[in-house]
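Enquirer: Task: produce atomic coordinates for the following.
(one chain, ligands or ions: 1)
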Amino acid sequence: MASPLAEKIKRTIAATGPIGLGEFMQICHFDPDHGVYAARDPIGRTGHFITAPEVSQMFGELIGIWCVAAWQALGEPSPCQLCELGPGRGTLMKDALRAASNFPRLGDAVTVHLVEASATLQARQKVVLTGAAAEPVWHVDIGTLPARPTLFIANEFLDVLPLRQYAKAGGRWRERAVGLDEAGDLAFTLTAGGLDEALLPAGHKEAPDGTIFEIAPAREAIVEQIAAHLAAHGGAALLIDYGHLEPDFGDTFQAVAEHQTCDPLASPGEADLTSHVDFAALAEAARRAGAHVYMPMTQGAFLSGIGLAQRAATLSAGKDAAMQTAIAGQAERLAGPEAMGELFKVLAIAGRADLALPPFEGPST
Ligand code: SAH
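Expert: Residues are numbered from 1 along each chain as shown. Below you'll find the predicted structure:
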């Protein structure tokens, strides 16, 4: 049975023609009645997917500690703000604020801002963060953030933002879209829209027909906004997501429903749609906006570098054997190379070039 949203999208396409992949993602995520993010909370064991902050409190706590270190490196600006983009259930922020509350000077200086497009998840965040060290201010768009030194954090936010795909066909690169097949079902189709070849990685001339190349202008635009904010008002950003360090060819558009990957066109509104993040493109976007970028690291190296083993040991102290095994398992899931440790990458951006931001190696570029 096709989902109600599938029927709605099919009617739109029948009336006005194929829609871009980015528009398709946006409808599947934010349709007011059926969107995965707009209509429900898709995160956690009972939802579609689990993210690092939901795996273990250690993730958010270590990011909180990183924020304290970054704030100290910045010279302890006051006032300053902590801004999370796409905070999901609010778990990361809750754990980060608890860890940072050991540093009361930061607590006095900081206001918390959450950029969240889903009213459903905003409501969830309000509940989770009630009584937290700092009362958050919500935004639906980063554009309304006050002009102040800012620490930005974002985990699994950029992968959700709209994607564009191009496929090589008859020697030309043509944009992929979602249209209808002969039976009237949703199907990928190629439009006449092409791509500036300057955007393609080396080797595009030799790539065989059927090769796919992805860009995500919406991700680059938001990273440019973050970077411009940092360049103008000071601060640092920590962006964590799954993806690759060098641009490459390949189809990474994926759907996850109830913790299983599935066909992205099969059940609109009932699956989370994402794609791998191109970190080189993000770094370039940040530099374009006048900010400085540190060599990206894997999530495993980042978490180890800021004290995952020590935090796991502290948390395990005095616990029974079953709990100690569970904590070790969580650490392995976050940082192990076969789990999230290698696929996930961490990019740090700063407003100025001379900022030491451990565990990243400086200087930034
Ligand atoms: N960071 C969280 C949630 C990741 S899911 C975690 O790690 O668990 C993606 C989050 O980004 C959700 O909160 C979703 O509602 C939000 N989001 C997606 N697109 C957005 C947009 N354009 N603007 C603001 N928030 C958005």
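Enquirer: what residues does the stretch 101-250 of the chain put near the ligand?
Expert: 115-118, 121, 155-157, 160 (CB under 6 Å from any ligand atom). Where you see a C-beta, it was placed from the backbone N, CA and C, and this is true even at glycine.
Enquirer: quick one: which of those residues is most hemmed in?
Expert: The residue in those with the most neighbours, by other CB atoms under 10 Å, is residue 155 (26 neighbours).
Enquirer: Let me have the residues of the stretch 101-250 of the chain next to the ligand in CSV, adding secondary structure and pLDDT as columns.
Expert: Shown next, in CSV, are those (DSSP: H, G, I helix; E, B strand; the rest coil; pLDDT from 0 to 100):
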residue, secondary structure, pLDDT
115, strand, 98
116, coil, 98
117, coil, 97
118, coil, 96
121, helix, 96
155, strand, 98
156, coil, 98
157, coil, 98
160, helix, 98
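Enquirer: count of neighbours near residue 45?
Expert: The burial count assigned to residue 45 is 8, neighbours taken as other CB under 10 Å.
Enquirer: Which pLDDT value belongs to it?
Expert: In this model, residue 45 is scored at 84, pLDDT.
Enquirer: Pretty sure residue 212 sits against residue 167.
Expert: Yes - shown here, residue 212 and residue 167 form a contact pair, counting by CB atoms under 8 Å, at 5.2 Å.
Enquirer: Which neighbours do those two have in common?
Expert: Both residue 212 and residue 167 are contacted by residue 176, under the criterion CB atoms under 8 Å, 6 or more residues apart in numbering.
Enquirer: What residues does residue 174 make contact with?
Expert: Under the contact definition (CB under 8 Å, 6+ apart), the residues listed for residue 174 are 166-168, 190-194.
Enquirer: at 6 Å what do you get?
Expert: The neighbourhood of residue 174, defined by CB atoms under 6 Å, 6 or more residues apart in numbering, consists of residue 190.
Enquirer: Which secondary structure state does residue 242 sit in?
Expert: Secondary structure state of residue 242, per DSSP: H, G, I helix; E, B strand; the rest coil, is strand.
Enquirer: Report how many residues lie close to it.
Expert: Under the criterion other CB under 10 Å, the count of neighbours that residue 242 has is 18.
Enquirer: pLDDT weak spots in the stretch 251-365 of the chain?
Expert: For the stretch 251-365 of the chain, the stretches with pLDDT under 70 are 363-364.
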